[in-house]
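[1] Everything below, folded, please.
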Amino acid sequence: MLMTVQDFETAARTRLDPVHADFIAGGAGDEITVRANEEAFRRLRLLPRVLRGNTERTLDITVLGSRARTPILLSPTAFHKLLVEEGELATARAASAVGAIMIVSMASTVAVEDIAEATRGAGEDGAPATLWFQLYLQPDLEFTRSLVRRATDAGCTALVVTVDSPVRGAHERDLRNGFLDLPDGLRCEHMVDPREGGRVRPIAMSAEISWKHIDWLRGITSLPILLKGALHPEDARLAVRHGVDGLLLSNHGGRQLDTVPATIELLPEIHTAVAGRIPIVLDGGVRRGTDVVKALALGASAVGIGRPVMWALAEGGEKGLRRLLELLRAELDQALALCGASGVQDLSPDLVRAPVWPPSATPLGGAVS
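    Here you go, the predicted structure:
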């Protein structure tokens, strides 16, 4: 019986080409950050409250105007047709069924227009999937503008701009396996350029991208903009000054610069830096409902999952992913009850402890609420 994220990963590995399994699991360099993301959550401890009289928990959230029935959203991950024939259509239908926000990857093997159309009426209440769109700002600004237009026209309600990729990280597993491109018959649908006869462009990683490009993007769209991959507190403060609407606190799952800290370790400092002016979504290492509680208690408005989505798709397609999302939601509800919380809004930093500290130590995150 599949009961945990680890169960889904184990089952998926029996179905997947080992090269594709390495693509999902692998990271940059020695994969120190890949491991750190999960290990950092394990080191943290929860200190529950009791006798709170809560018979039901509220898991609904609203982030930047997007409502969801769960604070667990689907972070952008690429190439879902490697895992299941329907690709991102299966992903979006599962997300819609449980009321989760899906961030559509710029490297999706299904176009955002098709994803939006396929999920109309797929939710329990007949609502379409809530979609955000991930964007790598391309040096060709007119092509970037066309992507923003496509995402907007498809009904996406936010843009998630990945900013930690001036160059590609060194994915040594992929290099050893010779996994350098998609198999024949698959392509990144958002990189098809109609101006060039339908040529599929490569996603350009460009070191020239700077804050002026964020200002340019802010000037061409009214959609909320989240930055994905800003880890330094000063960059978080700069994001606020440049009119960014939110942060996706992410180290790219350890797939860019190896040895950067786990995101949960950075969360209290980033939360202090933005001082409540913009929301923070966190991804990286979230594998349990207790992980979600820890992140929300330390200041995140929501969390994202990446690799677990891909393991679940590989194991059981749309049904497998829906099952995983329901399991994590149930774990979260149970953890909230055991912490004495009536909902995600009740969580605060005093519930989280680092075990190396003496009992009298300040809670992780200090006085930040």
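
[2] Any stretches of this protein with poor pLDDT?
    For the chain, the stretches flagged by pLDDT under 70 are 122-128, 356-369.

[3] What segments of it are strands?
    With DSSP state E as the criterion, the chain has strands at 45-46, 61-63, 66-68, 72-74, 101-104, 130-135, 159-162, 192-193, 199-200, 225-228, 246-249, 280-283, 302-305, 352-353.

[4] Save the ones you listed as a markdown table, and put in mean neighbour count too.
    C-beta coordinates here come from the backbone N, C-alpha and C atoms, glycine included. Formatted as a markdown table, the strands of the chain follow (neighbours: other C-beta atoms under 10 Å):
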| stretch | mean neighbour count |
| --- | --- |
| strand 45-46 | 14 |
| strand 61-63 | 19 |
| strand 66-68 | 17 |
| strand 72-74 | 26 |
| strand 101-104 | 27 |
| strand 130-135 | 26 |
| strand 159-162 | 24 |
| strand 192-193 | 14 |
| strand 199-200 | 12 |
| strand 225-228 | 25 |
| strand 246-249 | 27 |
| strand 280-283 | 27 |
| strand 302-305 | 28 |
| strand 352-353 | 20 |
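
[5] Including distance to T55, could the ones you listed go into CSV?
    Converted to CSV, the strands of the chain look like this (distance: least, C-beta to C-beta, whole Å):
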stretch, distance to T55
strand 45-46, 21
strand 61-63, 20
strand 66-68, 23
strand 72-74, 23
strand 101-104, 27
strand 130-135, 28
strand 159-162, 36
strand 192-193, 52
strand 199-200, 54
strand 225-228, 35
strand 246-249, 32
strand 280-283, 29
strand 302-305, 24
strand 352-353, 24
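
[6] of the ones you listed, which approaches D291 most closely?
    Of all these, strand 302-305 sits nearest to D291, with 7.4 Å by C-beta to C-beta.

[7] mind listing what the residue nearest to K228 when sequence neighbours are not counted touches?
    Nearest residue to K228, sequence neighbours excluded (C-beta to C-beta, 6 or more residues apart in numbering): L248, at 3.9 Å. For L248, the contacting residues are 75, 160, 226-229, 280-283, 304, by C-beta atoms under 8 Å, 6 or more residues apart in numbering.

[8] Let me see the contact set for D174.
    So D174 contacts 22-23, 26, 180 (C-beta under 8 Å, 6+ apart).

[9] nearest to G316, of those?
    Nearest member of the contacts of D174 to G316, counting by C-beta to C-beta, is F23, at 19.0 Å.
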